[in-house]
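K.L.:
sequence below, structure please.
(chains A and B)
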Amino acid sequence: MYRKLTREETTLINRALDRWGAFEFFKGRSLMIQENGKKLVCLVPGELESVVQMQPYLAGLAIGELKKQFVPSMAGADLFARSGKRSEFYITVNENAEKLVLYGRDVMSESIVDASDRLGENELVIILNSRLEAIGIGRTRFAGRSIFQKGRVTVTTVADAGYYLREEG
Amino acid sequence: MLALLALTLIFPESEKSVSLATKYGYDRWLVGRFLEYVPGVLDFIDKMEKSPTQYIRVNTLKTSREELEGRLRSKGFELKRTAIPEALAVEKAPMATGATNEYLLGHYYIQDLSSCMAVDALDVSENQAALEVAAAPGGKTTFMAQRMNNTGSIIALETSERRARSMSFNLARCGVYNTCILKMDGLQAEKLQMKFDRVLLDAPCSCEGVIAKDATRKTSHTPEDVDYCSGRQDKLIEVAARMVKPGGILVYSTCSFAPEENEMVVDRLLQKSGNIAVEPTKYGSSGLTSFGGMTFDGQLKNARRLYPHMHDTTGFFIARLRVS
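P.N.:
Numbering: from 1, shown residues only, chains lettered A, B, ... in the order given. Reported below is the predicted structural model:
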């Protein structure tokens, strides 16, 4: 079922979009919630709004899920990375790590080529490859410079673009 | 002398049809028909024994042709440009084409050139309203979305939950957000109470054109299957035509060579409607204007047939219909 966002949800999502540097891109664009056990946040162009009343299988693009916080989907992460201003919540990994992330593997510190000092522990980040394309979504295991400590997995991969291949079969 | 089995024409066996059917493992009735409507049958049958050319279509919502060519070539791919600017022939692939990072990131879609040509014939542009019937797995939908630059709207109808799910993955991977998937049979499309600038009906068919990809098609379908498909196509095209705004375009396509699924379907629609014209499109050979002693509307020469041995695509039929 698709429905409009509540005021509370709008606030939560606007904050999240700002966090990912994508607030400007989404200004004036219509977002809806698809409730199917989960609360998926979908970018639904105005032209589709009349069809949304027919309860479609899918309308627009699911850019993330509302849990306690907004968690971007891979499609959302890709949109944010391409259209947003990259904030401190993006990390960049090298080519070798790119392949591993796309198989769902976690990120070793040595693979990280760029990350903000201001990142906290347990922070959601969008993982970029060297071309600054979103390849995954991760969660930091350490704060600040500790993300670069040698020989450890410092970012857990929670979603990756390889998902499309694995899930679609 | 023709033998009629329901609607599908069966031609008398000849030494040639029997010998080709036996040598290449086809049902005799099918080869007998190919001899009537496929030009250069020997070349065609020979081509069906070879792996078909693989094509990819650049997703310009995410990258450019030049950028993708550069990235794939650096991995050892050899690519060749085609008549459709976004479509590239894969001449050499050092790894599975569906397993590159670029594929996972949605920079391209594996799609036959014939499918791209059907979308090209639709001539869709930004801010239009488009309808696609029997839409999954979404190759044509994602191409339409990129030609529309993710603007306007596409309503994609698909009855199967499994196929709709698969399509939703493809839309997400390609970054398409102007599309809505409705679980609906194309025959019910009028329930939408909407009219569209563009309607694409790639009708479910007997799939004669994909024998090179699926050799079971040499024997797996029967004349009754062609009859069934043809009957359903008649109904679908009538509904699809009613969904088009005046001045809009309906593209009817199938991956079959059978005139019963192609020219005859369009011919019956032309006879019934009176406000539809078949417009010429760029690629392929002319549609048939006669078959098995029957003569069709002369406009059917504007429809297009794509033959694997002549056009290096899967077998395909495309008719671009302007509704006035």
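
K.L.:
residues of chain A that sit close to chain B?
P.N.:
Within chain A, the residues that sit near chain B (CB under 8 Å from any CB of the partner chain) are A:43-45, A:47-48, A:50-52, A:54, A:56-62, A:73-75, A:78-79, A:82, A:98-99, A:102, A:129, A:133, A:135, A:161-162, A:164-165, A:167-168. For the C-beta atoms, the positions are set from N, CA and C on the backbone; glycine is no exception.

K.L.:
which residues in the stretch 51-200 of chain B form helices?
P.N.:
For the stretch 51-200 of chain B, helices defined by DSSP state H, counting those that start in this stretch occupy the ranges B:65-74, B:101-104, B:113-122, B:139-147, B:161-173.

K.L.:
output those as a markdown table; include the columns mean pLDDT and mean neighbour count.
P.N.:
Shown next, in a markdown table, are the helices of the stretch 51-200 of chain B (pLDDT from 0 to 100; neighbours: other CB atoms under 10 Å in any protein chain shown):
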| stretch | mean pLDDT | mean neighbour count |
| --- | --- | --- |
| helix B:65-74 | 98 | 15 |
| helix B:101-104 | 95 | 21 |
| helix B:113-122 | 98 | 26 |
| helix B:139-147 | 98 | 25 |
| helix B:161-173 | 94 | 20 |
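
K.L.:
B:V199 is nearest to which of the ones you listed?
P.N.:
helix B:113-122 (8.4 Å; CB to CB).

K.L.:
which helices and strands does the closest one pack with?
P.N.:
Using 3 or more CB pairs under 8 Å, 6 or more residues apart in numbering or on different chains; DSSP states H and E, the elements in contact with helix B:113-122 are strand B:54-58, strand B:87-92, helix B:139-147, strand B:196-202, strand B:244-254, strand B:304-306, strand B:316-323.

K.L.:
would you mark the buried spots in the biggest helix by length in chain A?
P.N.:
Counting residues, the longest helix in chain A under DSSP state H turns out to be helix A:7-19. For helix A:7-19, the neighbour count (16 or more other CB atoms under 10 Å in any protein chain shown) marks A:9, A:12-14, A:16-17, A:19 as buried.

K.L.:
circling back to that earlier point, and of the helices of the stretch 51-200 of chain B, who's closest to B:R242?
P.N.:
helix B:113-122 (17.4 Å).

K.L.:
just the CA trace of that closest one, in PDB.
P.N.:
Extracted C-alpha coordinates of helix B:113-122, given in PDB (Å, rounded to 0.1, in the frame of the first residue of the first chain):
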ATOM      1  CA  LEU B 113      19.300  -5.300 -30.800                       C
ATOM      2  CA  SER B 114      15.800  -6.200 -32.000                       C
ATOM      3  CA  SER B 115      14.300  -5.200 -28.700                       C
ATOM      4  CA  CYS B 116      16.100  -1.900 -28.800                       C
ATOM      5  CA  MET B 117      14.700  -1.400 -32.300                       C
ATOM      6  CA  ALA B 118      11.100  -1.900 -31.100                       C
ATOM      7  CA  VAL B 119      11.700   0.900 -28.500                       C
ATOM      8  CA  ASP B 120      13.400   3.100 -31.100                       C
ATOM      9  CA  ALA B 121      10.300   2.700 -33.300                       C
ATOM     10  CA  LEU B 122       8.100   3.900 -30.500                       C
END
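
K.L.:
just the buried residues of the residues of chain A next to chain B.
P.N.:
Applying 16+ other CB under 10 Å to the residues of chain A next to chain B flags A:43-45, A:47-48, A:51-52, A:56-62, A:73-75, A:78-79, A:98, A:102, A:129, A:133, A:135, A:161-162, A:164-165 as buried.

K.L.:
in strands only, show me the residues you listed.
P.N.:
Per DSSP state E, strands hold the following members of those: A:43, A:58-59, A:61-62, A:135.

K.L.:
among these, which two are most distant?
P.N.:
A:A59 and A:I135 (26.2 Å).

K.L.:
tell me the helix or strand right after the least confident helix or strand in chain B by mean pLDDT.
P.N.:
Counting by mean pLDDT, DSSP states H and E, chain B has its least confident helix or strand at strand B:3-5, which shows a mean of 41. Once the chain leaves strand B:3-5, the next helix or strand it forms, by DSSP states H and E, is strand B:8-10.

K.L.:
for the helix or strand just after that next one, packing partners?
P.N.:
Going down the chain from strand B:8-10, the next helix or strand is helix B:15-24, by DSSP H and E. Applying 3+ CB pairs under 8 Å, 6+ apart, we find helix B:15-24 packed against helix B:28-37, helix B:41-48.

K.L.:
got the buried residues for the last one?
P.N.:
Spelled out, it's helix B:41-48. So helix B:41-48, judged by 16+ other CB under 10 Å, has buried residues B:41, B:44-45, B:47-48.

K.L.:
what about the longest helix in chain B?
P.N.:
Max-length helix for chain B by DSSP H is helix B:223-242.

K.L.:
and the residue of the stretch 201-324 of chain B nearest chain A?
P.N.:
Relative to chain A, the nearest point of the stretch 201-324 of chain B is B:M243 (13.5 Å; CB to the nearest CB).

K.L.:
report the contact partners of that residue.
P.N.:
By CB atoms under 8 Å, 6 or more residues apart in numbering or on different chains, the contact set of B:M243 is B:131, B:189-190, B:192, B:194-196, B:199, B:250.

K.L.:
how close does A:V107 sit to chain B?
P.N.:
Going from A:V107 to chain B by CB to the nearest CB, to the nearest Å gives 16 Å.

K.L.:
what pairs with that residue across the strands?
P.N.:
Per DSSP bridges, residues listed as beta-bridge partners of A:V107: A:V155.

K.L.:
burial count for the nearest residue to B:E208 once chain neighbours are set aside?
P.N.:
Leaving aside its sequence neighbours, B:E208 sits nearest to B:S256 (CB to CB, 6 or more residues apart in numbering or on different chains; 4.5 Å). Using other CB atoms under 10 Å in any protein chain shown, B:S256 has 26 other residues around it.

K.L.:
which of the three states applies to B:S256?
P.N.:
coil (DSSP: H, G, I helix; E, B strand; the rest coil).

K.L.:
show me the contacts for it.
P.N.:
Here B:S256 is in contact with B:205-209, B:226, B:229, B:262, B:315, B:317 (criterion: CB under 8 Å, 6+ apart).

K.L.:
could those residues go into JSON lines alongside pLDDT?
P.N.:
What follows is the contacts of B:S256, written out as JSON lines (pLDDT from 0 to 100):
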{"residue": "B:C205", "pLDDT": "95"}
{"residue": "B:S206", "pLDDT": "93"}
{"residue": "B:C207", "pLDDT": "94"}
{"residue": "B:E208", "pLDDT": "92"}
{"residue": "B:G209", "pLDDT": "92"}
{"residue": "B:V226", "pLDDT": "94"}
{"residue": "B:C229", "pLDDT": "95"}
{"residue": "B:N262", "pLDDT": "97"}
{"residue": "B:G315", "pLDDT": "96"}
{"residue": "B:F317", "pLDDT": "98"}
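
K.L.:
distance to B:T216 added to the helices of the stretch 51-200 of chain B, as JSON lines?
P.N.:
As requested, these are exported to JSON lines (distance: least, CB to CB, whole Å):
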{"stretch": "helix B:65-74", "distance to B:T216": "31"}
{"stretch": "helix B:101-104", "distance to B:T216": "27"}
{"stretch": "helix B:113-122", "distance to B:T216": "20"}
{"stretch": "helix B:139-147", "distance to B:T216": "22"}
{"stretch": "helix B:161-173", "distance to B:T216": "20"}
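
K.L.:
look up how far chain A lies from B:A118.
P.N.:
Applying CB to the nearest CB to B:A118 and chain A gives a distance of 22 Å.
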